[in-house]
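Student: Fold the following.
(one chain, ligands or ions: 1)
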Amino acid sequence: MLELRDLSRRFGERAAVDSVSLSVPQGQMVGIIGRSGAGKSTLLRMVNRLTEPSAGRILHDGVDVTALSGRALRDWRTRAAMIFQQFNLIQRLDVLTNVLVGRLNHRPGALATLNSLFLRFSPAERAMALEALARFDLAEQALQRAETLSGGQQQRVAIARALLQEPRLILADEPIASLDPRNARVVMDALRDVNRRDGLTVLVNLHHLETARRYCDRIVAMQAGRVVFDGTPATLTAAEVEAIYGVPEEALESEAPRAAAAGAIA
Ligand SMILES: Nc1ncnc2c1ncn2[C@@H]1O[C@H](COP(=O)(O)OP(=O)(O)OP(=O)(O)O)[C@@H](O)[C@H]1O
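Tutor: Predicted structure coming up:
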């Protein structure tokens with residue numbers, strides 16, 4: 001169980017996230033929706049502690065995540081794997097090595113540093129990475145440079161890398177915002193698959209309401225940092241949608257997501 005209790009983050013005078021409380025049972029797929037600037041990314045990044053909360057608490061299976069530091073915080077970040085809009089692959093490295101990067105946090109202290117410097121991995125780790133790639137139909141691309149793949153393929157590599165962290169949660173921040181509709185579907189299918197088959201909790205920020213409806217067990221809508229709707233897709237009525245976005249649903253499709261070129265850590 002992931003619990004957010006009165007979680008807030010201020011940037012100067014502005015409350016990006018304002019006293020959010022949520023309980024997410026293990027294995028739930030939650031779509032977080034809302035207009036640009038509503039606080040979705042800030043909320044997700046706080047769960048991973050990439051952004052520090054200004055107030056409130058995050059608990060996971062009773063552990064106070066907000067109090068973690070050092071090795072314990074690194075372990076938490078391994079268990080709560082992030083997926084980003086821009087995939088964040090190392091473009092000049094091959095796909096297999098990119099996936100293996102997900103293992104680096106599993107090594108103790110000095111070994112981790114040494115092995116990461118030389119990117120050395122055991123046969124068992126390589127087998128695990130190949131299996132993850134095969135699962136997403138990417139075995140044939142294992143030895144290609146990441147930069148040669150399409151956006152949809154790169155995002156599936158990022159999901160495979162996340163799986164090698166052996167996480168309990170996947171935090172996906174606009175994972176399909178840079179993809180065309182077909183690739184978006186393939187990536188959402190992959191997220192749904194790790195949610196269903198591996199029992200991972202998935203929190204996913206989505207611009208596209210229909211995608212949230214189709215894939216998620218639960219939809220949480222944010223507005224000006226606060227949760228204004230929390231329920232199943234079936235209970236998200238037209239009136240709720242209009243209140244969340246300020247326009248009727250039919251007008252939403254023209255609200256294009258941020259223009260995004262597929263970039264990465266080069
Ligand atoms: N590092 C920061 N410094 C200052 N303000 C920030 C920072 N990060 C976010 N904000 C502000 O906090 C608010 C919430 O931003 P956030 O990115 O969480 O929203 P969002 O719902 O994810 O939006 P989008 O869909 O555009 O990504 C916005 O007003 C934003 O400008």
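
Student: for Leu206, what are its contacts?
Tutor: Contacts for Leu206 (Cβ atoms under 8 Å, 6 or more residues apart in numbering) come out as Gly31, Ile32, Ile33, Glu174, Ile176, Ala212, Cys216. Every C-beta, even on glycine, is put in place using the N, C-alpha and C of the backbone.

Student: quick one: the nearest residue to it once chain neighbours are set aside and the ligand, what's the gap?
Tutor: Distances taken as Cβ to Cβ, 6 or more residues apart in numbering place Ala212 nearest to Leu206, at 4.6 Å, with adjacent residues excluded. In this structure, Ala212 and the ligand are 13 Å apart, going by Cβ to the nearest ligand atom, to the nearest Å.

Student: counting residues per helix, which one in the chain is longest?
Tutor: For the chain, the longest helix by residue count, based on DSSP state H, is helix 181-198.

Student: and the contacts of Leu206, which are buried?
Tutor: Among the contacts of Leu206, those classed as buried by 16 or more other Cβ atoms under 10 Å are Gly31, Ile32, Ile33, Glu174, Ile176, Ala212, Cys216.

Student: what's the distance between the residue of the stretch 51-200 of the chain found nearest the ligand and Arg185?
Tutor: Proximity of the stretch 51-200 of the chain to the ligand (Cβ to the nearest ligand atom) peaks at Glu174, 6.3 Å away. From Glu174 across to Arg185, the span is 16 Å (Cβ to Cβ, to the nearest Å).

Student: is it possible to export the buried ones among the contacts of Leu206 to a markdown table including secondary structure, distance to Leu50 and pLDDT?
Tutor: As requested, these are arranged in a markdown table below (DSSP: H, G, I helix; E, B strand; the rest coil; distance: Cβ to Cβ, whole Å; pLDDT from 0 to 100):
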| residue | secondary structure | distance to Leu50 | pLDDT |
| --- | --- | --- | --- |
| Gly31 | strand | 20 | 98 |
| Ile32 | strand | 16 | 98 |
| Ile33 | strand | 21 | 96 |
| Glu174 | coil | 14 | 96 |
| Ile176 | coil | 20 | 96 |
| Ala212 | helix | 22 | 96 |
| Cys216 | coil | 22 | 97 |
